[in-house]
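K.L.:
predicted model and sequence follow; I will ask about them next.
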Amino acid sequence: MQNFLKYINRFAFRDNRLIEKASKEFDVSPRLSSDEQATLQVKLLNLSLARAVEKIPFYRMSNSLKKMEKDGINNLKKFPVISKADLLSKQQEFYPNSGKKKAWWPLGKTSGTTGSPLEIYRSYNSILYENAFLRRHWSWSGFKRGMRRATLRGDMVVPIEKRKPPYWYQNLLDNQLLISSRHLQKDKLPSILEKLIDFSPYILEAYPSTAYAVAKFLESENSYVYIPYVYTGSEMLYEHQRELIEQRFKSKVMDFYGMAERVAFASECEHGNLHLNTDYSFVEILDEDNNPTKNYGYVVGTSFHNLLMPLVRYKLSDITKWKIGSCPCGRTFPMIEPIQGKFEDILYGGKGDSISPSVLTFAFKGVKNINKSQVAQVNSSSWEIRIVPESGLGEIEEKLLFHNIKTMVDPSVNVSIQTVSDIPRTQSGKYRWVINEWISEKREPPQ
């Protein structure tokens, strides 16, 4: 009954028919000309900046923002770059109503995977629009409203201590099967897979780590499940994860990039390119000194649709770069390179060079009998690789892992391997494969 009421309320407030109206408004944007997209962006940007000056005390008190120009880009340059630290330490300045939440304002929360959870006040329309943007992305694979979808993310659909099936909940209102990501153990996965096969969804939306965990089990059983499309998001998607998910689900993976602050949204198309949604927010890529860069830099976004609490030039710790060219899919949204991870979780080699998490995946190629793993930086030149082993893991596999790191990743880094019983997820159900536990003020983003 609790789940029934929960998902009735979710459908009423987030998945209702009003989304169809919003979706129709957004469906044309990916194929507008560059000039048409720019015109729409300026319109949305001007509205968001004007509302920021109206709602946010910090901007309302600024003399330089009293007079807004018609050109939204020129207006934007008058605003300073801000970060999560500003929101956490200066809530009275950067939140509406001087940081005093009104009872009817929806609240968004970040998971705090970097140690600093954050709350954002949201408008009701922004919740509708967020779901409209997600559904637009799903439509790129041919998904239509009413088709079956399965969800394997952070939803708490059954108690974590539950030891007998069902480990899922079927949301009949939206033809959705929600699966508990807290029950992906060997003794429970057979019943989960049986239900998943019986449900036969057109898409599976999942964290990369949860889809990968199921794919690893399927590999160990030499089995397959057919789901045409797997939509991943909210975590880094690594190539070794994509390969195994696509192989074992006989599917096409389509990733998306977004965050709780909702200042950027990028959708992967059927050709594997990540398109930045220009009708969602205004995104800049800035270097360490907050200057535009064509190299790798920080994602800095200005929200368009949360007019209750607009975030202006909000600097994330995620890093990427612009991808030049056009996409065969025909969508005219600009492209970015895959996100290279959060700045806090970049690893550094033995000589201080930054190591891309994607490069790290090569170390695990050909290494068998690993159930889970995590690569952690424990000091300036040392990594600890934590492994939850399968029964067959032995000295040969460990030597191969050492060899791969030294020959394909970094010959100078110090590496130790620790076998552990489990690698815990965060409270939101996310899993951090790469984690930097060494604190240094000298770290810089890759160039």
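P.N.:
Happy to help now that I have it.
K.L.:
could you find the closest non-adjacent residue to R153?
P.N.:
Y207 (5.6 Å; CB to CB, 6 or more residues apart in numbering). C-beta: built from backbone N, CA, C; applies to glycine.
K.L.:
all helices for the stretch 101-250 of the chain, in order.
P.N.:
All helices of the stretch 101-250 of the chain, identified by DSSP state H, counting those that start in this stretch, fall at 124-139, 189-199, 208-220, 239-249.
K.L.:
list the buried residues of the first one.
P.N.:
So that's helix 124-139. 126-138 (16 or more other CB atoms under 10 Å).
K.L.:
can I get the CA coordinates of it in PDB?
P.N.:
Only the C-alpha atoms of helix 124-139 are listed here, as PDB (Å, rounded to 0.1, in the frame of the first residue of the first chain):
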ATOM      1  CA  TYR A 124       6.700  22.500  -9.600                       C
ATOM      2  CA  ASN A 125       7.200  23.300 -13.300                       C
ATOM      3  CA  SER A 126      10.900  22.400 -13.100                       C
ATOM      4  CA  ILE A 127       9.900  18.900 -11.900                       C
ATOM      5  CA  LEU A 128       7.600  18.500 -14.900                       C
ATOM      6  CA  TYR A 129      10.200  19.800 -17.300                       C
ATOM      7  CA  GLU A 130      12.900  17.500 -16.000                       C
ATOM      8  CA  ASN A 131      10.700  14.500 -16.700                       C
ATOM      9  CA  ALA A 132       9.900  15.900 -20.100                       C
ATOM     10  CA  PHE A 133      13.600  16.100 -21.000                       C
ATOM     11  CA  LEU A 134      14.100  12.500 -19.800                       C
ATOM     12  CA  ARG A 135      11.200  11.300 -21.900                       C
ATOM     13  CA  ARG A 136      12.600  13.200 -24.900                       C
ATOM     14  CA  HIS A 137      15.800  11.300 -24.500                       C
ATOM     15  CA  TRP A 138      14.000   8.000 -24.300                       C
ATOM     16  CA  SER A 139      12.100   8.900 -27.500                       C
END
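K.L.:
quick one: mean pLDDT for that helix?
P.N.:
Helix 124-139 shows an average pLDDT of 91 in the prediction.
K.L.:
any idea how far it is from the chain center?
P.N.:
The chain centroid and the centroid of helix 124-139 are separated by 15 Å, computed with CA atoms, centre = their mean, to the nearest Å.
K.L.:
can you give me the strands for the stretch 301-447 of the chain?
P.N.:
314-320, 322-323, 335-336, 347-348, 354-355, 370-379, 382-389, 414-419, 434-436 (DSSP state E, counting those that start in this stretch).
K.L.:
break the chain into its domains for me.
P.N.:
The record's domain split for the chain, according to automatic domain parsing, is 32-121+258-336, 132-257, 346-436.
K.L.:
nearest to K6, of those domains?
P.N.:
When the domains of the chain are compared by CB to CB, domain 132-257 sits nearest K6, at 9.0 Å.
K.L.:
contact partners for N3?
P.N.:
By CB atoms under 8 Å, 6 or more residues apart in numbering, the residues touching N3 are V157, Y169, N171.
K.L.:
mind doing that once more with 6 Å?
P.N.:
Y169 (CB atoms under 6 Å, 6 or more residues apart in numbering).
K.L.:
about what we covered before: mean pLDDT lowest for which of the domains of the chain?
P.N.:
Sorting the domains of the chain by mean pLDDT places domain 346-436 lowest, at a mean of 80.
K.L.:
find the centremost residue of this protein, please.
P.N.:
S234 (2.4 Å; CA atoms, centre = their mean).
K.L.:
just give the nearest non-adjacent residue to that one, would you?
P.N.:
Once flanking residues are discounted, S234 sits nearest to Y207: 5.7 Å by CB to CB, 6+ apart.
K.L.:
and for N436?
P.N.:
Leaving aside its sequence neighbours, N436 sits nearest to Q377 (CB to CB, 6+ apart; 4.5 Å).
K.L.:
how far away is the closest residue in space to D410 that isn't next to it in sequence from W383?
P.N.:
Leaving aside its chain neighbours, D410 sits nearest to G349 (3.8 Å; criterion: CB to CB, 6+ apart). In this view, G349 and W383 are 9 Å apart by CB to CB, to the nearest Å.
K.L.:
isn't R182 right up against P159?
P.N.:
No: shown here, R182 and P159 do not form a contact pair, counting by CB atoms under 6 Å, at 8.9 Å.
K.L.:
who are the packing partners of the longest helix along the chain?
P.N.:
Secondary structure of the chain per DSSP state H: the longest helix is helix 34-55. On a contact count with 3 or more CB pairs under 6 Å, 6 or more residues apart in numbering; DSSP states H and E, helix 34-55 meets helix 57-60, helix 72-76.
K.L.:
would you turn those helices into TSV with mean neighbour count?
P.N.:
Conversion of the helices and strands packed on helix 34-55 to TSV gives the following (neighbours: other CB atoms under 10 Å):
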stretch	mean neighbour count
helix 57-60	18
helix 72-76	17
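K.L.:
so which of the ones you listed comes closest to Y229?
P.N.:
Nearest of the helices and strands packed on helix 34-55 (CB to CB): helix 72-76, 35.4 Å.
K.L.:
name the next helix or strand downstream of that closest one, please.
P.N.:
Scanning forward in sequence from helix 72-76 by DSSP states H and E, the next helix or strand is strand 82-83.
K.L.:
direction included, what does that next one pair up with?
P.N.:
Sheet pairing for strand 82-83, assigned by DSSP bridges, gives strand 314-320 (parallel).
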